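Student: please find the sequence and the predicted model below.
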Amino acid sequence: MSTSDIRDNYSRIATTYDGKWAGTLAIHARAVSDRLPLARARRIAELGCGPGRVLPHLAQLAPQARVIGSDLTEQMLRLAPARFDRVVADAQRLPFRSGSLDAVVMAFVLFHLPDLPAGLSEVRRTLVPGGSFGAVTWSEFDPHPAYEVWVRVIDEHGAPPDPSPQMPSDNITSDPGKLRNALQEAGFETIEITGERFHHQTTAAEFLAHSEVVGAMARRIDELPAARRTACLAAAERELAGLAPEAFIESGTVLYATARAAKMGGWN
């Protein structure tokens, strides 16, 4: 798995991602942003902003600030509101000067970083001393009958393993203790991490439309020959149609993390 794999994947699914899914994730991004002291901020960046659903909210929280949207994929940024500055960038090698940002927000991004320490250190570098950082990451998932059916059908049709796993740092970012340690080692202090429940209801049609384009299972079925892929999707549609509405509830826990860039000497 490489950064280019992640870029290629999100470039391919940008329009689909900008549908209902981006709006669902933006709820958590706005909520963690509300925990940051942004009223007097002058320069804020959302890293991995995707189609920019959260940028207007950041502008409301920080009316004096220049709000910048950054993403690995140009296709995503083209969907973001044009009134905001937008820059294509890898979070592990940011194009911002040291100490130039008052706040950084990263929602559902940290687990994508192949080199998490490098990414967090880059965020710390770009923040002013005492600058604010807010992040949201996946943590735990409740049993999800529709997804279990989806995986079983894909397995039965011989789909190979995910050719490009997209969450190389999930073992750290999904664990509150490990995430706290990673932030401390990168030069953050005043760290607060809370587990927040999420609940997302879809229909069978919405679930299948999303799942055949976004995520690990979508990448797996893309590896199937055309005829077998068509048969796989038809079988999945038949089986999903027989499930009760509650089978399509996605729920679990996400982590909200906030921190400040340490003011101690030695951090540049």
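Tutor: Cool, the structure landed. Numbers count the residues shown, from 1 in each chain.

Student: what separates stretch 152-169 from the chain centre, distance-wise?
Tutor: 19 Å (Cα atoms, centre = their mean, to the nearest Å).

Student: okay, how far is it across it, tip to tip?
Tutor: 26 Å (Cα to Cα, to the nearest Å).

Student: now stretch 36-47
Tutor: One end of stretch 36-47 to the other measures 15 Å (Cα to Cα).

Student: mind listing what's buried in that stretch?
Tutor: Counting neighbours by 16 or more other Cβ atoms under 10 Å, one finds that the buried residues in stretch 36-47 are Leu36, Leu38, Ala41, Arg43, Ile44, Ala45, Glu46, Leu47. Yep, even glycine has a C-beta here, placed from its N, CA and C like the rest.

Student: same check on stretch 218-231?
Tutor: Neighbour counts over stretch 218-231 (16+ other Cβ under 10 Å) mark Ala218, Arg219, Arg220, Ile221, Leu224, Arg229 as buried.

Student: and the two most separated of the residues you listed?
Tutor: Across these, the longest distance by Cβ to Cβ is 12.1 Å; it joins Arg219 and Arg229.

Student: from Phe188, how far out is Leu120?
Tutor: Between Leu120 and Phe188 the distance, using Cβ to Cβ, to the nearest Å, works out to 8 Å.

Student: neighbour-wise, which of those two wins?
Tutor: Leu120 (27 against 23; other Cβ atoms under 10 Å).

Student: show the pLDDT at the closest residue to His112 other than its chain neighbours.
Tutor: Excluding the flanking residues, the one nearest His112 by Cβ to Cβ, 6 or more residues apart in numbering is Ile6, at 5.5 Å. Per-residue confidence (pLDDT) for Ile6: 83.

Student: contact partners for Ile6?
Tutor: The contact partners of Ile6, taken as Cβ atoms under 8 Å, 6 or more residues apart in numbering, are Leu72, His112, Ser164, Gln166.

Student: what do you get for Ile191?
Tutor: With Cβ under 8 Å, 6+ apart, Ile191 has these contacts: Arg180, Leu183, Gln184, Ala257, Thr258, Ala259.
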